[in-house]
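Trainee: Predicted model, plus sequence, below.
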2 protein chains.
Amino acid sequence: MNILLVYAHPEPQSLNGSLKDFAVRHLEASGHHVQVSDLYAMRWKPTLDADDSLAPRGAERFDPSADSKHAFDNGLQSPDIAAEQAKLLWADAVILQFPLWWFSLPAILKGWVDRVYACGFAYGVGEHSDARWGERYGEGTLAGKRAMLVVTTGGWDSHYGPRGINGPIDDLLFPIQHGILYYPGFDVLPPFVAYRTGRTDAARYAALCEQLGERLDTLFSTAPIAFRRQNGGAYEIPALTLRPEIAPQRTGFAAHIQRPDEARGDSGERR
Amino acid sequence: MNILLVYAHPEPQSLNGSLKDFAVRHLEASGHHVQVSDLYAMRWKPTLDADDSLAPRGAERFDPSADSKHAFDNGLQSPDIAAEQAKLLWADAVILQFPLWWFSLPAILKGWVDRVYACGFAYGVGEHSDARWGERYGEGTLAGKRAMLVVTTGGWDSHYGPRGINGPIDDLLFPIQHGILYYPGFDVLPPFVAYRTGRTDAARYAALCEQLGERLDTLFSTAPIAFRRQNGGAYEIPALTLRPEIAPQRTGFAAHIQRPDEARGDSGERR
């Protein structure tokens, strides 16, 4: 299969760099084709701005969405953006690997999302009306592909537990896993998270590689997170809130994940 | 009072640009001193890397934390970083204003956090031991100052409601409000969020300015979000999980906010 690894760490000789090299070797040894977008090595431009289009839209003001859509529709995108989109279309699975900085993506990786996720490519796809709010959250350009986060943190796992001070890791990653990966259609696998990575000795590194290797071996068989599809019947449109009969009384991020004992809350068809 | 507005939008003639200009005028008319860090206009460098230090640490590998601390401790930080830290120390209140892109900060603003929040300045402050896990979450360099987010979204308020498809806005902003603002000591005010900003006519703009003006007028009197202090007694250290008697049965982001009817769960002193 084709696998894209988008990687964001400034030091090749870091734990992240070593895990990235391990992942590439492991995937290739299993017969996969791998491309790596090493954002620091590529000197990726993180800032979305008017320079992202080869020719201006001719409007008075720069509009991030309208200018992105104009450039996407007319083949006027900056070549670095178009190249990353081509890699995404090529891939059967995409891995985002990064250290958790301030409980989110490093800026260079956020800027990869901001710029590569063009209007017409990752959002603004499909009919937008009072009856249908586009193809997103389970549908979209990247539907049928898989995605997984590989994350390192300095903090301990207890700090990211259900009652840990930083907040539960699944909730911290929800804006990324649901808002960035599920949004344009990816099936999102549970994340691989390595905690307390400040001092990683050889034994711990070996254990991490073994655990990561298992996750890479099951990249195409692990069950995705059961996020609810926007257009599957669980949501009222255009309010885009869960219908009263779906997970009644539940609120927050977790309400958008179907529990094993719950009715599907959608029309049941497999896309 | 002294107010720093950190602002991230690529188009001066946007709604965000207009709201920023309004805020500056309104605050100055009230007698405040205002500095604006207009990140796009400043061509802010978002990417944290080895160039952030004027002189290398002399180590074999670049280490984001160790190199940041070395530069901070020895006056070797890149001047753009030191200048922003000086503004933060000058300010009595800090406003971060941005459009919500992919449910988080635009990359240029995330990169302001990644780089300005140096080790020794915003994290890695105070004693770190099994008995004390630094000065953070309610203590730290920026304690005694106030902070507030001013955010615009294209989506509707219902999309960000308790059962809205994007997730509740308070949960989406928790990694920023708790993880980025409360962490180095800010008292964090409830956010100002303008929804459905794709088409903002004159009447709506006037209403937004009136609402924002009220929030700016009460910047120093609005009650902050009641996040729990790390070192106030509510958490077990070093596990950094809520003690069993604090908000029993509650989990997730909201458990870290004290409810009005709850015991303080800390030693009660006012810092």
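Mentor: Structure's in. What do you need?
Trainee: So which residues of the stretch 51-200 of chain A form helices?
Mentor: A:64-73, A:79-90, A:107-116, A:169-176 (DSSP state H, counting those that start in this stretch).
Trainee: Out of those helices, the one nearest residue A:209 is which?
Mentor: helix A:169-176 (20.6 Å; CB to CB). All C-beta atoms are positioned from the backbone trio N, CA, C, and that covers glycine.
Trainee: Mind checking the pLDDT average for that closest one?
Mentor: In this model, helix A:169-176 has an average pLDDT of 98.
Trainee: ditto for stretch A:114-131
Mentor: pLDDT averaged over stretch A:114-131 gives 93.
Trainee: now do stretch A:225-234
Mentor: This predicted structure assigns stretch A:225-234 an average pLDDT of 96.
Trainee: Give me the contact list for that stretch.
Mentor: A:132-133, A:135-139, A:177-178, A:182, A:188-190, A:235, A:237, A:240, A:242-243, A:246, A:256-259, A:264-267, A:271, B:165 (CB atoms under 8 Å, 6 or more residues apart in numbering or on different chains).
Trainee: coming back round to it: so of the helices of the stretch 51-200 of chain A, which one's packed in deepest?
Mentor: Mean neighbours per residue, mean count of other CB atoms under 10 Å in any protein chain shown, is largest over those for helix A:107-116, with a mean of 26.
Trainee: outside of that helix, which residues touch it?
Mentor: A:6, A:8, A:37, A:39-40, A:44-48, A:52, A:78, A:80-81, A:84-85, A:88, A:96, A:98, A:104-105, A:122, A:180, B:46-48, B:101-102, B:104-108, B:110-111, B:113-114.
Trainee: related to what we said a few turns ago, as JSON lines, the helices of the stretch 51-200 of chain A with distance to residue A:224 would be great.
Mentor: As requested, these are exported to JSON lines (distance: least, CB to CB, whole Å):
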{"stretch": "helix A:64-73", "distance to residue A:224": "27"}
{"stretch": "helix A:79-90", "distance to residue A:224": "17"}
{"stretch": "helix A:107-116", "distance to residue A:224": "20"}
{"stretch": "helix A:169-176", "distance to residue A:224": "14"}
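Trainee: Quick one, which of the ones you listed gets closest to residue B:126.
Mentor: helix A:169-176 (23.4 Å).
Trainee: Got a quick ChimeraX command for the buried subset of the contacts of helix A:107-116?
Mentor: Here is the ChimeraX command that selects the buried residues among these (16 or more other CB atoms under 10 Å in any protein chain shown):
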select /A:6,8,37,39,40,44,45,46,47,48,52,80,81,84,85,88,96,98,104,105,122,180 /B:46,47,48,101,102,104,105,106,107,108,110,111,113,114
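Trainee: Which ones among the contacts of helix A:107-116 lie within strands?
Mentor: Within these, residues falling in strands by DSSP state E are A:6, A:37, A:96, A:98.
Trainee: Out of those residues, which is nearest to chain B?
Mentor: Checking the ones in strands among the contacts of helix A:107-116 against chain B with CB to the nearest CB, the nearest one is residue A:98 at 11.5 Å.
Trainee: State the distance from the closest residue to that closest one other than its chain neighbours to residue B:79.
Mentor: Closest residue to residue A:98 apart from its sequence neighbours, by CB to CB, 6 or more residues apart in numbering or on different chains: residue A:8 at 4.5 Å. As judged by CB to CB, to the nearest Å, residue A:8 and residue B:79 stand 25 Å apart.
Trainee: before we move on, the earlier item: let me know the pLDDT of the residue nearest to residue A:98.
Mentor: 98.
Trainee: cool, and residue A:198?
Mentor: Per-residue confidence (pLDDT) for residue A:198: 86.
Trainee: got the contact list for the closest residue to it other than its chain neighbours?
Mentor: Once flanking residues are discounted, residue A:198 sits nearest to residue A:154: 5.1 Å by CB to CB, 6+ apart. Residue A:154 makes contact with A:196, A:197, A:198, B:65, according to CB under 8 Å, 6+ apart.
Trainee: so residue A:209 touches residue A:22, yeah?
Mentor: Yes: contact criterion CB atoms under 8 Å: residue A:209 and residue A:22 qualify, at 5.2 Å.
Trainee: thinking again about what came up before, ok, and the most crowded of the contacts of residue A:154?
Mentor: Using other CB atoms under 10 Å in any protein chain shown as the neighbour criterion, residue A:197 leads those with 21 neighbours.
Trainee: Show the contacting residues for the residue nearest the centre of chain A.
Mentor: In chain A, the centroid-proximal residue (CA atoms, centre = their mean) is residue A:181; its distance is 3.3 Å. Residues in contact with residue A:181 (CB under 8 Å, 6+ apart) are A:96, A:147, A:149, A:188.
Trainee: Same question for residue A:142.
Mentor: Taking CB under 8 Å, 6+ apart as the test, what residue A:142 contacts is A:88, A:94, A:122, A:184, A:185, A:186.
Trainee: Farthest pair within those?
Mentor: A:94 and A:122 (12.1 Å).
Trainee: And for residue A:18, the neighbour number?
Mentor: Around residue A:18 there are 15 residues (other CB under 10 Å).
Trainee: Please name the residues that touch it.
Mentor: With CB under 8 Å, 6+ apart, residue A:18 has these contacts: residue A:205.
Trainee: Please report phi then psi for it.
Mentor: The phi/psi pair for residue A:18 (degrees, to the nearest 10) reads phi -70, psi -40.
Trainee: can you check residue A:231 too?
Mentor: Residue torsions, per degrees, to the nearest 10, at residue A:231 are phi -100, psi 20.
Trainee: what's the burial count for it?
Mentor: 19.
Trainee: Let me know the helix or strand that residue A:19 is in.
Mentor: helix A:15-29 (DSSP states H and E).
Trainee: tell me the contacts of the residue of chain A most remote from its centre?
Mentor: What lies farthest from the middle of chain A is residue A:60; by CA atoms, centre = their mean that is 33.4 Å. By CB under 8 Å, 6+ apart, the contact set of residue A:60 is residue B:13.
Trainee: Next one: it from residue B:46, what distance?
Mentor: According to CB to CB, residue A:60 stands 27 Å off from residue B:46.
Trainee: so where is the stretch 1-150 of chain A shaky, pLDDT-wise?
Mentor: By pLDDT under 70, the stretch 1-150 of chain A contains no weakly predicted segment.
Trainee: What parts of it come near chain B?
Mentor: Applying CB under 8 Å from any CB of the partner chain, we find that the stretch 1-150 of chain A lies next to chain B at A:10-11, A:13-14, A:40, A:46-50, A:60-65, A:99, A:101-108, A:110-111, A:113-114, A:117, A:137.
Trainee: is it true that residue A:145 touches residue A:91?
Mentor: Yes: between residue A:145 and residue A:91 there is a contact under CB under 8 Å: 6.2 Å.
Trainee: So those two - more neighbours on which side?
Mentor: Per other CB under 10 Å, whichever of residue A:145 and residue A:91 has more neighbours is residue A:91, with 23 against 20.
Trainee: Kindly provide the distance from the nearest residue to the more buried one once chain neighbours are set aside to chain B.
Mentor: Of all residues not flanking residue A:91 in the chain, residue A:4 sits nearest, at 3.9 Å (CB to CB, 6+ apart). Distance, residue A:4 to chain B, by CB to the nearest CB, to the nearest Å: 18 Å.
Trainee: Over to residue A:91?
Mentor: To chain B, residue A:91 is 19 Å away according to CB to the nearest CB.
Trainee: Check residue A:175 too.
Mentor: Applying CB to the nearest CB to residue A:175 and chain B gives a distance of 4 Å.
Trainee: So which residues on the stretch 151-271 of chain A come close to chain B?
Mentor: Neighbours of chain B within the stretch 151-271 of chain A, by CB under 8 Å from any CB: A:154-156, A:158-159, A:161-168, A:171-172, A:174-175, A:178-180, A:183, A:230, A:235, A:238-242, A:250-253, A:255-256.
Trainee: So which of those residues are in strands?
Mentor: Those of those lying in strands (DSSP E): A:235, A:241, A:242.
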